[in-house]
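A.B. asks: Predicted model and sequence below, questions to follow.
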Amino acid sequence: MSRLDEIGERDGWRCWICDQTVDPQMSVNDARGPSLDGLVPDSKRSGNAKKSGKHGGGAPEVASERLAHRSCNTRKGAVAAIVPWADHLFVSDPAPILTSVDRLQRKSGREVMARCPTKADAEEAATWLLDRLSRLRPGFDVTTQVESIAGQHLLVLRG
């Protein structure tokens, strides 16, 4: 089994960027074909890694790979990807998903992710967000909460 097949199986043959299905039979040269996107640790991306390859004196950080469509991976390039909220969700002022999750992984706590006009909209967005995060950050334990304040319904992510 090739590295692409292993990662494709692990990721459920879904692009981590757009969350759409990746066809494992499609050519890697096709725009919708499979490709591997290297995940560089935050410390290396920001230039804070020590020359020993260790961050903060702990074990060396290892870059991992995730499955992406060739076009999604190419369009992203070497910059941080933006993971969009689903079009069918009714959210206002949505927070950048990856930025918020990265912050929660570093410091834990609470992040307000969006405002919604109804509790049902907020609960639908919360269900979608947890499902999406299960593929973006497998193993990262987060919960959602809907807080109703002054006629607004806040979608809160806790980690």
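C.D. replies: Received, thanks. Bear in mind the structure is a predicted one, so any value in this text is a computation, not a measurement.

A.B. asks: Domain boundaries for this protein, per the record?
C.D. replies: 3-76, 97-158 (automatic domain parsing).

A.B. asks: which stretch in these has the least confidence?
C.D. replies: Lowest mean pLDDT of those: domain 3-76, a mean of 73.

A.B. asks: Quote the end-to-end distance of that domain.
C.D. replies: 21 Å (C-alpha to C-alpha, to the nearest Å).

A.B. asks: Would you state the helices of the protein in chain order?
C.D. replies: 3-10, 42-45, 70-76, 97-107, 119-136 (DSSP state H).

A.B. asks: Would you format the ones you listed as TSV with mean neighbour count and distance to residue 85 included?
C.D. replies: (C-beta placed from N, C-alpha, C; glycine too.) Rendered in TSV, the data for the helices of the chain read as follows (neighbours: other C-beta atoms under 10 Å; distance: least, C-beta to C-beta, whole Å):
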stretch	mean neighbour count	distance to residue 85
helix 3-10	14	25
helix 42-45	14	22
helix 70-76	17	16
helix 97-107	16	7
helix 119-136	17	8
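
A.B. asks: would you turn those into TSV with distance to residue 144?
C.D. replies: Below are the helices of the chain laid out as TSV (distance: least, C-beta to C-beta, whole Å):
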stretch	distance to residue 144
helix 3-10	24
helix 42-45	23
helix 70-76	26
helix 97-107	12
helix 119-136	4
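
A.B. asks: so which of those comes closest to residue 22?
C.D. replies: helix 3-10 (6.8 Å; C-beta to C-beta).
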